[in-house]
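Engineer: This is a predicted model, with the sequence first.
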Amino acid sequence: MNVYKFGGASVKNADGVRNLAKIVQTQANGDLLIVVSAMGKTTNALEEVTRACHQQQPAEAYSRWQTVRQYHEAIMNELSDQSPVPAFAPVFATFSQLERYLQQTPDESYDCVYDQIVSVGEIISTQIVAAYLNSTGIRAHWADARQLVRTDNTFREGKVDWDVTCRQIQQMAQSADGIIVTQGFIGQTPDGYTTTLGREGSDYTAAIFAFCLNADSVTIWKDVPGVLNADPKWFDETVLLERLTYQDAIELAYYGATVIHPKTIKPLQNKDIALYVRSFLQPQQPGTEICNNEHHLDIPSFIFKINQILISLHPYDFSFIAEDNLSRIFGRFAEAGVKINLMQNTAISFSVVVDNNPDKIPALLERLKQDFRITYNDGLELITIRYYNQRTIDRVCINKKLLLEQKSRYTVQLVVKDLG
Ligand SMILES: Nc1ncnc2c1ncn2[C@@H]1O[C@H](COP(=O)(O)OP(=O)(O)O)[C@@H](O)[C@H]1O
Ligand SMILES: N[C@@H](CC(=O)OP(=O)(O)O)C(=O)O
């Protein structure tokens, strides 16, 4: 069994869906399961629908939803220019279900409502893809990931129950006929509420299915030639990394190389399943292979995060930053769902760098103020260089003010303010 994952960019229009079918036809060998994300920017658009719905603005929610619906209808129309016409009836049933949901006034928490609405993007995209594959003669079995991936009820960040999930996935795979087409990013609680696994979580879903099915490999099809030594959106002269160890891959993803979701690597490493990152624009190219190899990177890789805030906490009573203070601080960050990108302490101050998320940071600062005097500096960049040298540090610091630097043997992290 091999697992393919197609993200939103790969299926953003009818040509993307046709290209997916071509890749399946020309590249796949043997049993295949494909994980598909919501088309294009649908998840962002459904987040806006959720916001309006939760703020009790039904007209606004409905109008935003209609834009999403029309986008998918246009793709289906374009894919219907052939005989036989793909059987899209399940998509229209999903539209109606969501429209009924939007008509009620949901009294669940915001995060719960978010998952019920946003997950629909993946349901629709997979229904379209499965119908299209079947219409071209590629037998496709649509599998509902909500019946397969069991999570707890941490809405928007569901934690996987691996025993139940593996049992359900294995049972489904035994009886499926043809290529299995399923949704990335979504799961279900024991009491039947849909959950999502965290933004960009479809890569992780591919790893979950691969783990449970003891797959031979996972291939994630992207709009880049593979894993590069920097994001080409930021850097002009990038280099393709043809081979990576699981360790280098997990470190790069952890520090923020968004080409792979950071949770993807562990399930694959645990079962020694190779991960390929390949280009859906040049599917004949080999891309990057991530596996249990001895190939250590010999060039530096760069990871940029913008919109960072450096927060420094100083205990009011001049007490040391020791275990009791630290556990209180980490508790506050965990409650607020804020991930720490970098931390450093002195005797009486503790500094962290985090994404400056306006939904989370102001409330977190209010809470921390009860125990600590706070200073902060926003509008910063966090630059991580793996396998750094002084030349690379100097290069990224041109025209930047350096506020904090942290070095380990292989990795340097620099918190800088742009002076330009
Ligand atoms: N080191 C890197 N190598 C390649 N791409 C990277 C890297 N870091 C960030 N990216 C970005 O990741 C993007 C692909 O990931 P993503 O947009 O999440 O794909 P999808 O949503 O299709 O799964 C690329 O367009 C690129 O801008
Ligand atoms: N659709 C979800 C899940 C995902 O992983 O999407 P993509 O594969 O397009 O990054 C999101 O946008 O967060």
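Structural biologist: On my side now, so go ahead. Numbers count the residues shown, from 1 in each chain. Ligands and ions are numbered 1, 2, ... in the order given.
Engineer: dump the residue contacts of the most centrally placed residue in the chain.
Structural biologist: Using CA atoms, centre = their mean, the residue of the chain that lies closest to the mean C-alpha position is residue 200, 1.7 Å off. Applying CB atoms under 8 Å, 6 or more residues apart in numbering to residue 200 gives the contacts 258, 261. Glycine gets a C-beta too; all of them are placed from N, C-alpha and C.
Engineer: Give me the pLDDT value at it.
Structural biologist: On the pLDDT scale, residue 200 is placed at 94.
Engineer: What values do phi and psi take at it?
Structural biologist: For residue 200, the backbone dihedrals (degrees, to the nearest 10) come out as phi 70, psi 20.
Engineer: what about dumping the CA coordinates of the worst-scoring helix or strand of the chain on mean pLDDT to PDB?
Structural biologist: Least confident helix or strand, the chain: helix 323-336 with a mean of 90, by mean pLDDT, DSSP states H and E. Extracted in PDB, the C-alpha atoms of helix 323-336 (Å, rounded to 0.1, in the frame of the first residue of the first chain):
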ATOM      1  CA  GLU A 323      10.900  25.200  38.700                       C
ATOM      2  CA  ASP A 324       7.800  26.700  40.500                       C
ATOM      3  CA  ASN A 325       7.800  29.900  38.300                       C
ATOM      4  CA  LEU A 326       8.500  27.800  35.200                       C
ATOM      5  CA  SER A 327       5.700  25.400  35.700                       C
ATOM      6  CA  ARG A 328       3.300  28.300  36.300                       C
ATOM      7  CA  ILE A 329       4.500  30.000  33.100                       C
ATOM      8  CA  PHE A 330       4.200  26.800  31.000                       C
ATOM      9  CA  GLY A 331       0.800  26.100  32.400                       C
ATOM     10  CA  ARG A 332      -0.400  29.600  31.200                       C
ATOM     11  CA  PHE A 333       1.000  29.100  27.700                       C
ATOM     12  CA  ALA A 334      -0.600  25.600  27.500                       C
ATOM     13  CA  GLU A 335      -4.000  26.900  28.700                       C
ATOM     14  CA  ALA A 336      -3.900  29.600  26.000                       C
END
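Engineer: what's that helix in contact with?
Structural biologist: Contact with helix 323-336 is made by 313, 315, 319, 339-340, 350, 352, 354, 360, 363-364, 367-368, 371-372, as judged by CB under 8 Å, 6+ apart.
Engineer: give the contact list for the nearest residue to residue 80 once chain neighbours are set aside.
Structural biologist: The shortest distance from residue 80 to any non-neighbouring residue, by CB to CB, 6 or more residues apart in numbering, is to residue 86 (6.5 Å). Going by CB under 8 Å, 6+ apart, residue 86 touches 76, 79-80, 128, 131-132, 134-135.
Engineer: For residue 86, give me phi and psi.
Structural biologist: For residue 86, the backbone dihedrals are phi -60, psi 150 (criterion: degrees, to the nearest 10).
Engineer: Measure how buried whichever residue of the stretch 101-250 of the chain sits closest to ligand 2 is and give me the count.
Structural biologist: Residue nearest to ligand 2 within the stretch 101-250 of the chain: residue 202 (3.3 Å; CB to the nearest ligand atom). For residue 202, the count of nearby residues is 27 (other CB atoms under 10 Å).
Engineer: What residues does the stretch 101-250 of the chain have near ligand 2?
Structural biologist: Within the stretch 101-250 of the chain, the residues that sit near ligand 2 (CB under 6 Å from any ligand atom) are 121, 184-185, 199-202.
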